[in-house]
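Chemist: just coords:
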């Protein structure tokens with residue numbers, strides 16, 4: 001059997017048959033390899049979900065367009081939203097957590113390596129199962145076509161009477177399976193943080209990235225369970241004669257909304273908290289200052305996690321809840337802005353007076369701060385029930401949501417890629433291509449989602465296939481679509497940068513950013529065992545202590 005040189009990021013170069021190497025990756029329990037698998041898996045679905053988004057935008061580029069049929073539009077809408085939330089955002093953040101958390105706390109692996117692998121393959125199988133609905137056909141498997149019930153499966157559209165095929169079953173089963181994988185990952189992160197920290201690393205000395213992922217994992221255990229319960233109830237409705245969500249038989253479609261959004265809104269914070277973690281590591285390093293208000297940042301994260309569990313029904317103002325429910329969820333939604341605002345002030349306080357280096361990770365981080373602030377402001381606007389009654393079913397909400405997901409999460413992820421790519425591969429990403437990527441994506445993002453607020457205010461509803469030419473939306477939708485394609489070009493630049501830099505990038509060394517957490521104290525890429533000997537730490541900045549043993553508390557004075 002022929003041999004090849006294996007140069008996959010995160011592992012040492014080794015000469016072996018490619019089949020043996022493939023077998024090692026498919027059966028690995030190493031947290032770093034599993035983290036890379038999560039990230040590669042998510043990047044693949046990012047491309048798939050991006051193509052689906054472009055199909056939607058081409059269809060809406062002008063009035064009375066017939067680029068795709070209404071049926072295909074509904075399928076693309078459902079698959080795009082489901083893919084981006086469940087098979088892009090969650091896996092890619094789990095990938096970073098898998099890779100970084102053990103190294104940052106001085107451990108050699110996750111607490112349960114086999115559970116870690118099992119959780120990844122469950123999540124991966126969920127995505128494959130969802131997309132099998134495209135090709136299942138109408139024969140043995142009976143999928144027929146992709147699900148077309150919206151990205152959160154509107155009841156009663158999921159009932160057998162409205163969705164007689166098996167496409168809704170694929171949606172339900174894929175999320176149920178991937179949900180079990182998500183719960184396994186959450187358990188593993190919690191156990192790792194509590195039980196695997198190196199000597200000297202008290203909770204008060206953990207990097208904020210570890211703290212925030214620990215809190216995020218706790219939220220997973222609370223929020224994924226009602227979603228899984230709802231999926232089981234839906235299957236009972238469809239196949240065992242249940243009527244949980246069938247209003248014609250005494251059930252309640254609103255019950256599905258409660259079950260889904262009890263998961264769905266805390267899910268936004270499950271996704272954004274790891275991005276807060278990225279900012280809390282990147283901004284101090286590029287500001288040459290320790291994080292401002294470490295204890296307050298931890299407390300604010302706990303507050304966000306707690307309050308976010310009580311805001312779900314602000315997604316349901318438009319269904320006509322009573323005044324008491326409207327008032328409660330208005331107050332809690334506004335309240336969650338307080339600890340979030342504290343975090344923004346702390347990041348700005350960290351930058352204030354610092355010696356800021358405007359490298360690509362920092363550029364994406366600054367854009368994140370500005371855009372997430374704007375997303376929070378429109379969120380506070382929508383938290384007021386009368387305002388939400390007017391715009392809750394319009395494109396204004398679509399713009400707000402994407403301001404959070406793209407302007408917040410995706411920008412933070414790009415910052416994390418540029419920051420930790422040298423550690424994973426041993427190569428630096430190109431600064432020149434990185435800035436092209438940043439500016440193209442920034443321009444495309446604001447052209448798309450700034451403008452998208454306007455047709456929403458002018459009355460353009462969500463989830464429409466086409467519209468009349470006399471509404472005044474044509475030019476706005478043209479600009480939105482142009483911005484979407486600019487973003488797509490930026491992502492292509494990013495992919496090209498990763499590929500080119502992997503083969504031709506400058507060698508990174510162990511610590512290219514002059515940072516102070518433990519992952520930068522070992523080689524790039526890290527060895528399979530992470531640490532030859534388990535480190536002992538005495539502060540929140542252990543690598544800085546190693547580099548400056550005589551003056552560990554001073555920074556570039």
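Modeler: Perfect, thanks for sending it. These numbers come from a predicted model, not from an experiment. Residues are numbered from 1 along each chain as shown.
Chemist: use CA for all of it now, contacts and neighbours both
Modeler: Fine.
Chemist: you'd agree residue 261 is up against residue 314?
Modeler: No - taking contacts as Cα atoms under 8 Å, residue 261 lies outside contact range of residue 314: 9.1 Å.
Chemist: okay, the two: which has more neighbours?
Modeler: residue 314 (25 against 22; other Cα atoms under 10 Å).
Chemist: leaving out chain neighbours, which residue sits closest to the more buried one?
Modeler: Distances taken as Cα to Cα, 6 or more residues apart in numbering put residue 329 closest to residue 314, at 5.7 Å, once the chain neighbours are dropped.
Chemist: which residues of the stretch 301-450 of the chain score low on pLDDT?
Modeler: Within the stretch 301-450 of the chain, no stretch has pLDDT under 70.
Chemist: still on that earlier bit, tally of neighbours for the residue nearest to residue 314?
Modeler: Quick note: residue 329 (other Cα under 10 Å) scores 22 neighbours.
Chemist: element containing it?
Modeler: Assigned by DSSP states H and E, residue 329 falls within helix 323-335.
Chemist: now residue 40
Modeler: Per DSSP H and E: helix 31-59 holds residue 40.
Chemist: one more: residue 283?
Modeler: helix 253-287.
Chemist: what residues sit buried inside that helix?
Modeler: Across helix 253-287, burial judged by 16 or more other Cα atoms under 10 Å covers 253-254, 256-287.
Chemist: chain center to it: distance?
Modeler: 8 Å (Cα atoms, centre = their mean, to the nearest Å).
Chemist: ok, stretch 213-232 next?
Modeler: 15 Å.
Chemist: so what touches that stretch?
Modeler: 97, 172-173, 175-176, 179, 182-183, 185-187, 189-190, 193, 256, 259-260, 262-263, 266-267, 269-270, 273-274, 277, 301-302, 305 (Cα atoms under 8 Å, 6 or more residues apart in numbering).
Chemist: so for it, mean pLDDT?
Modeler: Mean pLDDT, stretch 213-232: 95.
Chemist: list the buried ones in it?
Modeler: Residues of stretch 213-232 classed as buried by neighbour count (16+ other Cα under 10 Å): 213-221, 223-228, 230-231.
Chemist: now the residue nearest the centre of the chain: how far from residue 267?
Modeler: Closest to where the C-alpha atoms of the chain average out (Cα atoms, centre = their mean) is residue 89, at 2.8 Å. To residue 267, residue 89 is 10 Å away according to Cα to Cα, to the nearest Å.
Chemist: next: residue 383.
Modeler: 17 Å.
Chemist: which residues touch residue 413?
Modeler: 275, 278.
Chemist: what's the helix or strand for residue 16?
Modeler: With DSSP H and E as the test, residue 16 turns up in strand 14-17.
Chemist: contacts only, for the closest residue to residue 98 other than its chain neighbours.
Modeler: Excluding its sequence neighbours, the residue lying closest to residue 98 (Cα to Cα, 6+ apart) is residue 35, at 4.9 Å. Counting by Cα under 8 Å, 6+ apart, residue 35 touches 94-99.
Chemist: got these as CSV, with secondary structure and distance to residue 147 columns?
Modeler: Below are the contacts of residue 35 laid out as CSV (DSSP: H, G, I helix; E, B strand; the rest coil; distance: Cα to Cα, whole Å):
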residue, secondary structure, distance to residue 147
94, helix, 26
95, helix, 27
96, helix, 30
97, helix, 31
98, helix, 31
99, helix, 33
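Chemist: for those, which two are the farthest from each other?
Modeler: Across the contacts of residue 35, the longest distance by Cα to Cα is 8.5 Å; it joins 94 and 99.
Chemist: where exactly do the strands run in the stretch 301-450 of the chain?
Modeler: Assigned by DSSP state E, counting those that start in this stretch, the strands in the stretch 301-450 of the chain number zero.
Chemist: helices of that one, start to end?
Modeler: Here the stretch 301-450 of the chain has its helices, by DSSP state H, counting those that start in this stretch, at 323-335, 337-351, 360-383, 385-391, 395-404, 411-425, 431-457.
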